[in-house]
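Engineer: got a sequence here, can you build the structure:
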Amino acid sequence: MAVVGYVDLILGTLADDDCIRPELMKIQEAGMNIQEIVKQMQNINKYVTKPYLGDIDIVDFQAASDTALNEETES
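Structural biologist: The predicted model follows:
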């Protein structure tokens, strides 16, 4: 993901005690979380939902993209 790559480049140019480093680390962590969610979305092989806020169901990306879990539920 481009955001994570750019943050890595910027972090490589900063001193360890630079005041902006903690903020860039937060951006990097958020970018990596987004990367993982997108990866799970790309690997969806079954439609799985989970309850959310009362009577609302949302797509459970982790369960829908986890092959081992899906094989267990189908058995």
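Engineer: so which helix or strand of the chain has the lowest pLDDT on average?
Structural biologist: Within the chain, no helix or strand scores below helix 67-74, which has a mean of 48 by mean pLDDT, DSSP states H and E.
Engineer: domains in the protein, by residue range?
Structural biologist: 1-42, 43-75 (automatic domain parsing).
Engineer: which SSE is immediately downstream of the longest helix belonging to the chain?
Structural biologist: Determined from DSSP state H, the single longest helix within the chain is helix 21-42. Sequence-wise, the next helix or strand beyond helix 21-42 is strand 49-52, with elements assigned using DSSP states H and E.
Engineer: residues contacting that following strand, please?
Structural biologist: Around strand 49-52, the neighbours that count as contacts under CB atoms under 8 Å, 6 or more residues apart in numbering are 57-60, 63. C-beta coordinates here come from the backbone N, C-alpha and C atoms, glycine included.
Engineer: and those, which of them are buried?
Structural biologist: 60, 63 (16 or more other CB atoms under 10 Å).
Engineer: just the ones of the contacts of strand 49-52 in helices?
Structural biologist: Using DSSP H, these in helices are A63.
Engineer: in terms of mean pLDDT, which of the domains of the chain ranks lowest?
Structural biologist: Note on those: lowest mean pLDDT is at domain 43-75, with a mean of 75.
Engineer: that older thread, got the contacts of strand 49-52 as a markdown table, with distance to I44 columns?
Structural biologist: Listed next are these as a markdown table, based on distance: CB to CB, whole Å:
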| residue | distance to I44 |
| --- | --- |
| D57 | 15 |
| I58 | 13 |
| V59 | 8 |
| D60 | 10 |
| A63 | 10 |
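Engineer: contacts only, for L11.
Structural biologist: By CB under 8 Å, 6+ apart, the neighbours of L11 are 21, 24-25, 28.
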